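Participant: For reference, the sequence and a predicted model appear below.
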Amino acid sequence: MNRTFAALVLLAALAAGCGKEPAQTPPAAKVAASAKPADPLVVAPEASVIAQLGVEVVVERSVAHQLRVPGRVDFNEFRVARIGANATGRITNVIAHRGQPVRVGQVLADVYSNELGAAQFALLRARSQAELLESAASRAQQLYEADVIGLAELQRRENELSIARAEVRSATNQVKVLGMTDTEIASVLASGEIHSKFSVQSTMNGIVVDRQVTRGQVVQPSDALFTVADLSTVWVIAEVPEQESSGVAVGQGVLIEVPALPAEPLEASLIYVDSIVHPETRTVLVRSELDNRRGLLKPAMLATLVIEGAPEQALVVPAEAVINDNGKDYVFVDVGSGRFRLTPVTLDDEDEGIRVVRSGLKAGQRIVVKGAFHLNGERKRGELEGPR
């Protein structure tokens, strides 16, 4: 009886245990276990937005690296003459003015010079002394042949004549240094008249681009009174940063943009690349030459040199595809299933609507080339609203 009762109690306890439901996992815990963090750089826009996007494959193409450096128009230094007075004197008349076309030999100013007069007087005196000693030497030769004087006296007279002739040559060279021509010297010797006035004359054909003299001014040979330049050709010079200098060489093609002449850029080539780096600016001077027979280019005009580099194969993207955020460049890469990832990239500066990719993309990837700005707005809106 006791055994039967104990068995019944055990069966009742087992039945009660089997009837209880198993413990349930709270719903919040299930959500936490299954949810994954959202990628803030990926956006999955609606179909209507996707339909407005333009997507293209990133490809390689041949591009030429361009270096843009500021420059300026300058004189062709091989066609510039800085003209001064040959002797110290006072300006009595100024004839040429700034901007005036002049020819070789044209008088620019007149000068009165005591120095020139003194040099001519010295020449006349030396010539007179030489003529006197020449007569004395001739008489001495006759007396020596008549055995009236000795050989020593004849040699003394001849030595004095030799010295006098040397003084004539020295005086002649001096007046030449002061600007007198052979014709003018011959005229002074023939007439015996001293001319203390002389003219400052142009030494080349061109335009007077500078005048640093006024009437009554005392001038010296070291003073540059006029600058005459032939502007039929001009130089365009620029300074290339030291780190870019290895990419420039003589003969390289350049485009020259002159803001004062809003026409098409002027084509030229580099005719000079300096062999040293300027120690203060850390730049290398480069120069090109332009034809200026129309006179449109004027020295000191601002210009930009666009130096064409050697072509290279590189990935390129349209400038329209690039998003700039906080100073960094990005593009949207199509990652499939209607999703697009904002991807950081390193790019060169824009050139004719194209930017060269240096890092961040591979050939064959698909990127958004139209509507990237709008797509980025959708991404930012999604960040603010959070997951739905």
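Facilitator: Nice, I can see it. Numbers count the residues shown, from 1 in each chain.

Participant: Could you use CA atoms for every contact and neighbour count after this?
Facilitator: OK.

Participant: where along the stretch 201-350 of the chain do the strands fall?
Facilitator: Applying DSSP state E, counting those that start in this stretch to the stretch 201-350 of the chain gives strands spanning 206-211, 218-219, 226-229, 233-241, 253-257, 266-273, 283-291, 302-318, 323-325, 328-336, 339-347.

Participant: nearest to residue 135, of the ones you listed?
Facilitator: strand 218-219 (41.9 Å; CA to CA).

Participant: who does that closest one pair up with?
Facilitator: strand 89-94 (antiparallel) (DSSP bridges).

Participant: relative to strand 206-211, how tilted is the strand it pairs with?
Facilitator: Angle between the axes of strand 89-94 and strand 206-211 is 120 degrees (criterion: axes from the mean of the first three to the mean of the last three CA atoms, to 10 degrees).

Participant: May I have strand 89-94 exported as PDB, CA atoms only?
Facilitator: Extracted C-alpha coordinates of strand 89-94, given in PDB (Å, rounded to 0.1, in the frame of the first residue of the first chain):
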ATOM      1  CA  GLY A  89      79.200 117.100 -68.500                       C
ATOM      2  CA  ARG A  90      76.000 119.100 -68.100                       C
ATOM      3  CA  ILE A  91      72.800 118.300 -70.100                       C
ATOM      4  CA  THR A  92      72.000 121.300 -72.300                       C
ATOM      5  CA  ASN A  93      69.100 119.800 -74.200                       C
ATOM      6  CA  VAL A  94      66.900 116.700 -73.900                       C
END
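
Participant: List the neighbouring strands of the next helix or strand after that strand plus their orientation.
Facilitator: Going down the chain from strand 89-94, the next helix or strand is strand 101-102, by DSSP states H and E. According to DSSP bridges, strand 101-102 has the following sheet partners: strand 206-211 (antiparallel).

Participant: Which of the helices and strands in the protein ranks last by mean pLDDT?
Facilitator: Sorted by mean pLDDT, DSSP states H and E, the helices and strands of the chain end with helix 27-34, the least confident at a mean of 43.

Participant: Which is the succeeding secondary structure element to that one?
Facilitator: Next element after helix 27-34 (DSSP H and E): strand 42-43.

Participant: what's next to that following strand, contact-wise?
Facilitator: The contact list for strand 42-43 (CA atoms under 8 Å, 6 or more residues apart in numbering) reads 339, 340, 341, 342, 375, 378, 379, 382.
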